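[1] Compute the structure for the input listed below.
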Amino acid sequence: MNDRSRVTAVLGPTNTGKTHYAIDRMLAHRTGVIGLPLRLLAREVYDRIVKARGPSVVALVTGEERIVPERVQYWVATTEAMPEVGADFVAIDEIQLCADPERGHVFTDRLLNMRGLHETLLLGSDTMRPAIAALVPQAQFMRRERFSTLSWAGSKKISRMPPRSAIVCFSVEEVYATAELIRRQKGGCAVVMGALSPRTRNAQVAMYQAGEVDYLVATDAIGMGLNLDIRHIAFSATEKFDGRRYRPLFPHELGQIAGRAGRHTEPGTFGVTGDAAPLDEGLIEAIENHRFQPISRLMWRNAALEFGTVERLLKSLETQPQSEWLARGREADDIRALKALSAMPEIHDRVSHPRDVRLLWDVCRIPDFRAISGVEHATLLARIFGFLREGEVPGDWLKGQIARIDKTQGDIDTLSKRLAYIRTWTYVAQRSGWVSDESHWRAETRAVEDRLSDALHAALTQRFVDRRTSVLLRRLKQKESLLAEVNDKGEVTVEGEFAGRLEGFRFHADPSATGDEARMLQRAAYEALRPEFHLRADRFYNAPDTELDFTEQGGLMWGSSAVGKLVKGAEALKPGVEPFVDEEAGPEIAEKVRRRLQHFIDRKIATLFEPLLALKNDETLTGLARGFAFRLLESFGVLPREGVATEVKELDQDARGLLRKHGVRFGQFTIFQPALLKPAPTRLRLVLWGLDQGLSEFPESPPPGLVTIPNLPDVPKGYYTLSGYHPAGERAIRIDMLERLADMLRSQDSRGGFEATPDMLSITGMTLEQFAGLMQGLGYRAEKGERPKTRAEAAPVAEPVPEEADHEHPLTEEESVLAAETRAKWEAEQAARKAAEAEAEGETAEESPSAEMEMFYTFTWAPRPRGGHRRPERSERQGQGQGQPRSQGERGPRREREAGSEKAGQEGRREGKPFEGKRRDEHRGERGDRPERGPKGKPKGKPRHDGPKSFEARPPRAEKQADPDSPFAILAALKNKS
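    Residues are numbered from 1 along each chain as shown. Have a look, this model is predicted:
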């Protein structure tokens, strides 16, 4: 020890810049040595001095790392590894660790024996003043005050922890649990523990310092020299396991850790979190003012060791101190290892020379990085000592040990264990003369440690840090513009990190993000999506209508993205729209989207409901015709006839003609506009009706192309009508097909009974059984029977049914007259064919009594009480020359009624009496296709007397003069000539 060296004790609380002061003092000398409590802190100081002086004159010496250039001037080392060189300057940091039960004897030895040639600095807490004054009488004292204030902040939950906070835990399990909680609630944190390698700790600290994460979870190692930007320290517990027992933290330990809060002149706070109980007021005041009870005992161990024998070495290690300020510390790991190895016969017998004793002691000082068990550690040390006793550690054996560790796969615990193992071989490779090729093995072990450290850092980051969140947080804090990209699938990436999906003009954050992470993600995404919203709105506004569509529940789609919905408007055919635009996109974008959607739906309604809108806007409609048009408008172009029977009866032929000009068809069951029965208008009609009725769920339209669909009991009948179907039995039949079927039924003998024709089955697409159910639903009785099947059935001749499927192109009057003539001819042929078939069947039955049987149904009109099924009325043909339905008065032969006898027909229908017989083309139809009359208003040609006639008391109606250019007149003239 150099008594002429000037010894200065620089004491004070944390955050006083003592370490920086020591570095500046060392660089003021030609040579110097500084001892630091942590390998991580040693590396930080080394990098700073290298930056100031260059790497060629700065050495770094720790237990597992050794960088020694040829012209060394400044040595940076851990306290245990401080070299004994004659340097002008010596500094020992965190000198209060002299009181540490495990490492204190090393700091006490440096306090008593390490001196610089010109200057020595002892850096630490004020609690060391009495001990230093007693043991180093010549020491001078310098107090450095804290640059900022430190204050108590109370207890806070993790969820309410302010940014730039460090949560201090005292076990690995607690560190991991707290870090996992912060990741879920805050997006992530850095992890700092003494068990981590310096490279891993540096990477974690750098991540925190760079602002990638705002939170740090650490053990009490944070209290020793780490200079971090921490504003708040939170203790998750106030007791720890010190290797022997659980004990409360000493006040000066709490003060050492809490003092890390506050960067330079910025104030800092400390508190508790989790299950930790609040500190008492006296302790809080002591920490805030850094006033603690002075340290009265320093740990000491004899440094003057004797290496004659193992026994003499142990005896010298157990020498008692001579000063009241010194006390023997806890039995260290190296002493326990020495006792364990010396008890092994194979070791004890081989240690016969002081050189062997010194080698054995050097081997025993290898730290137990693995911390498996004392026996495991002693066994490994015995193996190493055996190798060194013979010369050096064999390269092949060392290579095998390192190869088993050099694996970067695995979880955090696995990688941590491998790092602990490699640190043992790194320590061995750093010892001079222990391996053959020192530089090779030092580089090899260092490379493996670096790979494992990087893998552990990646594993910690992956588990405890949401990388996406950390990147976006840093960019937001730096107020940099964020770059967003949206791919074809709508996936949004911000700065290359997946943030969520943009559906139309609404952003949906990644569902895996929760809490603060989700809010931050939305904030970053909206910042980046502002330009995208404007570009997308322009593209949407200029998009053609073919890219837009509506759903059956009133949604509005742009491609596959929902961009709005329909809402009830002032009128049923004028709905409003509600755009789906995030509030963050701005009102300008929302209004632009709303206008485009309104234009789309207005044009869609104008196109699909053109006949109905034309009917609405026709100013020539007056009186009853206009009122009926309004009823049709209210029902969106499809109106059940039974609900407007009275209004239909009151319409005269002129009013009906005006309505027919707009495509209105007066069917037997439904009054409708055929163009509105197509799939697209039907879809829109159901949506508009649902909006007008205020339904929460709209009925869906049936699949297009189906003639019949199931008649479900829980579905209201009105749904079927709006869908273009009429319920009948267990099925509902399409309205236009039902009218065609009604035309066919009108020619059948519904009183005497008739069978289904192939055409009836064809247009309904049903089997005979299904058709029977349909007919029963329409008010007919279906009687099932069997008869012998004919051997060869002639192909039925199709009934010449006028083509009515194409409702947009109805038949002309000339075509209607020709169709009526063709029908009469066909009926005659059918009657002859049936007579022949009946005669053939009778003969066959006589010849083959065991002939194959076939099923058939006979349908007759079955009147039901009022309120039941009504007998179908005859259809009012649209533009075709078919007459009104004929009614029957009394049972008996069919009667021919004159034009205008509609009243008698209505009375007959009210009595539930069916229409019978075949149509007579000379009968006046509802379209006004009357047969030609003579001068006195009577029909031309030979009168027919095949049944009783009905008469009216009122005089016949005045007839209009026929137009000589009319197709009727031309056809009549042709007939007369023939």
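
[2] hang on, isn't residue 151 packed against residue 261?
    No. Between residue 151 and residue 261 there is no contact under Cβ atoms under 8 Å: 9.2 Å. Placement of C-beta: from N, CA and C, glycine included.

[3] who's more crowded, these two?
    In terms of neighbours (other Cβ atoms under 10 Å), residue 261 is the more surrounded of residue 151 and residue 261; the figures are 27 against 15.

[4] tell me the secondary structure for that one?
    The local conformation at residue 261, judged by DSSP: H, G, I helix; E, B strand; the rest coil, is coil.

[5] do the same with residue 244
    The three-state label given to residue 244 by three-state DSSP is coil.

[6] which residues does it contact?
    The neighbourhood of residue 244, defined by Cβ atoms under 8 Å, 6 or more residues apart in numbering, consists of residue 330.

[7] Could you do residue 33 as well?
    The neighbours of residue 33, taking Cβ under 8 Å, 6+ apart as the test, are 74-75, 77, 82-83, 85, 87, 89-91, 114, 116.

[8] let's see it at 10 Å
    When contacts are counted by Cβ atoms under 10 Å, 6 or more residues apart in numbering, residue 33 touches 26, 59, 61, 74-77, 82-92, 114, 116, 120.

[9] if we can go back for a sec, residues shared between the contacts of residue 151 and residue 261?
    Taking Cβ under 10 Å, 6+ apart as the criterion, residue 151 and residue 261 both touch 267-271.

[10] Give me the buried subset of the residues you listed.
    Burial by neighbour count, 16 or more other Cβ atoms under 10 Å: within those this picks out 268-271.

[11] For the closest residue in space to residue 778 that isn't next to it in sequence, grab the count of nearby residues.
    Nearest residue to residue 778, sequence neighbours excluded (Cβ to Cβ, 6 or more residues apart in numbering): residue 728, at 5.1 Å. Here the number of neighbours of residue 728 (other Cβ under 10 Å) works out to 23.

[12] Can you convert the buried ones among the shared contacts of residue 151 and residue 261 into JSON lines and add a column each for secondary structure, distance to residue 457 and pLDDT?
    Listed next are those as JSON lines, based on DSSP: H, G, I helix; E, B strand; the rest coil; distance: Cβ to Cβ, whole Å; pLDDT from 0 to 100:
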{"residue": "268", "secondary structure": "strand", "distance to residue 457": "27", "pLDDT": "90"}
{"residue": "269", "secondary structure": "strand", "distance to residue 457": "29", "pLDDT": "93"}
{"residue": "270", "secondary structure": "strand", "distance to residue 457": "28", "pLDDT": "94"}
{"residue": "271", "secondary structure": "strand", "distance to residue 457": "29", "pLDDT": "94"}
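
[13] Could you dump those into JSON lines with distance to residue 209 added?
    Formatted as JSON lines, the entries for these read as follows, by distance: Cβ to Cβ, whole Å:
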{"residue": "268", "distance to residue 209": "16"}
{"residue": "269", "distance to residue 209": "19"}
{"residue": "270", "distance to residue 209": "20"}
{"residue": "271", "distance to residue 209": "22"}
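
[14] give me the low-pLDDT residue ranges for the stretch 101-250 of the chain?
    Low-confidence regions of the stretch 101-250 of the chain, defined here as pLDDT under 70, cover residues 225-226.

[15] All the strands of it, residue numbers only.
    Applying DSSP state E, counting those that start in this stretch to the stretch 101-250 of the chain gives strands spanning 119-124, 140-143, 150-155, 165-168, 190-192, 215-218, 232-235, 239-241, 246-248.

[16] chain center to the second one: distance?
    Here strand 140-143 shows a centroid-to-chain-centroid distance of 62 Å under the convention Cα atoms, centre = their mean, to the nearest Å.

[17] Renumber starting at 811 from here on
    All right, first residue 811 from here; so that's strand 950-953.
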